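Turn this into a structure:
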Amino acid sequence: MRRGVLGLGVVAACAAAVLVTAFGTSSIGAASTRTCSAAERAKHVKALTAFTRELVAKRRAFFRAHPDAAARRVFVARQQARLGALKRAASCRVGPERADVAVSMSASGGAELVFRIVVLNRGPGRAIAVSVNDPLPHGVELVSATSTSGSCSRGATVTCSLKSLAPGTKVTVTISTHRYLAGVIENAVSVDAATSDPRSANNAATARSTDVPLPAASSGPACAPELSFPGPRAYFHLGPTNYALYQQATGRLGMLLLFVDFPDAPSSAPTGPIFTAAVPALTQWYAEASYGRLTVAVDQVTNWLRLPKSALAYDLHYRGDYPGIVARHRAFLADAVAAADPLVDFSRYSTVLIVAAPHPGTSARMGVPFAAGSGVVADGNELRGLVVAALPLANPPDLVHETGHLFGLPDIYDFSLPFAEGTRNLGRWEPMSNTGSLAHFLGWVKWKLGWLDAAQLRCLDAAATLEETISPIETPGGVKLVVLPTSGTTATIVEVHTLRSVRNQVCDSGVIVYSVDVRAPSGTAAARIRPARDDPASTECGAIPRAALDLGPGEVASYEDGELKVDVVGSDGRSYRVRVTRK
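Coordinates of the predicted model:
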């Protein structure tokens, strides 16, 4: 019996030796197609080495305790399976290092807003060349950026280089900012590394600040400034409107569009595209700019109407003789009305828009109001307004400008200068200054036209300081103007413009300071912007560069002269909190 048992032990030992030779660590085998990091492969090799080192001893012990051959075969099979699994794991192909780098962010504070960013390497490998990128949101200015590891650069985008992070390492980046916008500020940050990242979903994070609302506009006192015009009344001005000379800018303005040509300049051009390109934009602009207080309703006669005289015979060129201009345009309107009379009931209209075939004898564009009793009568109704646009100038900006003359608005550019120089008073901030602009009328113009109420104005009649929340002139509601009357005929205005409107073409957003002079006739400086900075090289706003006051990097937040000081103290990205000091 003892010899039999000893014989089995020898057999087991020999079998174990054969197995170690077959599966030993000296030849791990061909590399697996599975990739792993160097650290992972080293871990697998270590496990394989430990297993093979103990394999024989564990088998011998099992054989001593279990003489049954079937049990021994099962045990050996399990050892072989385990050994094979360890060999396959240890033969993985070492690929690029992998590291799951995650980022999270929180926001705290009010006016001094702090973003705390946490970067964590969740492993399994070391993360190489880790960087944090935070394009700071609109509404904050950078104060400082620090990191518990590495360094951070300053700029519109904060970039922090964290270098190399071992598995489990956490780094905190603190970005301190000064908030200049009210409301909710949302920031977005991302993290990147040269190491392969198995989970990209946690490489970005956002944080939202608490809501810091802009103070509401005051409830008053309201004011109704009126600048009087001494002496003879000019034809067009920014003072109170004489409705015996001009049309009302509220309610409904019935307008009829006529297409006219001449014996010496016939036209067969399709009229539909002309209407589509010009009229809907015209009517929409006045509906928006007036906050719905004026409806320009346009009908048309779709065919060309032949006038009895040549274009030259109507002599519609502007020569500075305004009474003569009015008389010649009245005769032109009378012939157009006579040509259309068999087709139209003129009792529904107060104004005629004439698109004329191109010819040197017709004015390029003109808006002519007729005083009560001096218009053209048709179907028992007096037509008191004429807008003329010779092709190809029947476009929305020109039509908005020329229609404005029917309400008594002046040309706010200098007739005596070339156009680029002559529009330097207001540039593209006002359609009556630049005929290529679809910006809204200035707030003072809207007040003159009856589109603003006294409750939307605040006045500083004497030396004092007023702080107010002003909403954009392009949107309805809210306080719109702070008015500083400087004499019986002049005033300085503070208001807000924004890019956010349906048809607005303002080149910038912010607080505008400008002066008005109701004595100035058409073709002079009836209004003049006081720009935030003088930057002749800039062309962003036409002839008036950098006019708007605003908050934020690169902006100018204050304006001061001998008369007043204006400080922008807050904004929510739409309305502005403004402090106006009259000296």
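
Could I get the contacting residues of the closest residue to residue 239 other than its chain neighbours?
Ranked by Cβ to Cβ, 6 or more residues apart in numbering and with sequence neighbours excluded, the top spatial neighbour of residue 239 is residue 518, at 3.5 Å. Glycine gets a C-beta too; all of them are placed from N, C-alpha and C. Neighbouring residues of residue 518 by Cβ atoms under 8 Å, 6 or more residues apart in numbering: 227-229, 237-239, 489-490, 526.

how does it look with 6 Å?
Taking Cβ atoms under 6 Å, 6 or more residues apart in numbering, we find residue 518 in contact with 227, 229, 237-239, 489.

what's the answer for residue 471, then?
Taking Cβ under 6 Å, 6+ apart as the test, what residue 471 contacts is 478, 575.

now do 7 Å
Neighbouring residues of residue 471 by Cβ atoms under 7 Å, 6 or more residues apart in numbering: 477-480, 496, 575.

now that we have those residues, which one has the most neighbours?
residue 496 (29 neighbours; other Cβ atoms under 10 Å).

now that residue, what's its secondary structure?
strand (DSSP: H, G, I helix; E, B strand; the rest coil).

quick one: contacts for it?
Residues near residue 496 by Cβ under 7 Å, 6+ apart: 470-473, 511, 575-576.

could you redo those as JSON lines and give each row distance to residue 552, pLDDT and secondary structure?
Formatted as JSON lines, the contacts of residue 496 follow (distance: Cβ to Cβ, whole Å; pLDDT from 0 to 100; DSSP: H, G, I helix; E, B strand; the rest coil):
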{"residue": "470", "distance to residue 552": "18", "pLDDT": "97", "secondary structure": "strand"}
{"residue": "471", "distance to residue 552": "19", "pLDDT": "96", "secondary structure": "coil"}
{"residue": "472", "distance to residue 552": "17", "pLDDT": "95", "secondary structure": "coil"}
{"residue": "473", "distance to residue 552": "20", "pLDDT": "94", "secondary structure": "coil"}
{"residue": "511", "distance to residue 552": "13", "pLDDT": "95", "secondary structure": "strand"}
{"residue": "575", "distance to residue 552": "15", "pLDDT": "94", "secondary structure": "coil"}
{"residue": "576", "distance to residue 552": "12", "pLDDT": "95", "secondary structure": "strand"}
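
nearest to residue 309, of those residues?
Comparing the contacts of residue 496 against residue 309 with Cβ to Cβ places residue 473 closest, at 43.7 Å.

how near is that closest one to residue 479?
Residue 473 is 11 Å from residue 479, where distance means Cβ to Cβ, to the nearest Å.

Also residue 56?
Taken as Cβ to Cβ, the span from residue 56 to residue 479 is 93 Å.

likewise residue 331?
47 Å.

Over to residue 414?
Distance from residue 414 to residue 479, by Cβ to Cβ: 32 Å.

Please apply the same query to residue 416.
Distance from residue 416 to residue 479, by Cβ to Cβ: 37 Å.

And for residue 433?
24 Å.

Then residue 395?
From residue 395 to residue 479 the distance is 34 Å (Cβ to Cβ).

same check, this time on residue 212
Taken as Cβ to Cβ, the span from residue 212 to residue 479 is 20 Å.

buried ones in stretch 240-247?
241, 245-247 (16 or more other Cβ atoms under 10 Å).

that older thread, out of the contacts of residue 518, who's nearest residue 438?
residue 238 (20.2 Å).

And residue 479, which helix or strand is it part of?
In the assignment (DSSP states H and E), residue 479 maps to no helix and no strand.

cool, the one 3 residues further on as well?
In this structure, residue 482 is located in strand 481-485 according to DSSP H and E.

can you pull out the strands in the stretch 101-250 of the chain?
Here the stretch 101-250 of the chain has its strands, by DSSP state E, counting those that start in this stretch, at 112-124, 127-135, 140-147, 151-152, 157-165, 170-179, 186-192, 204-208.
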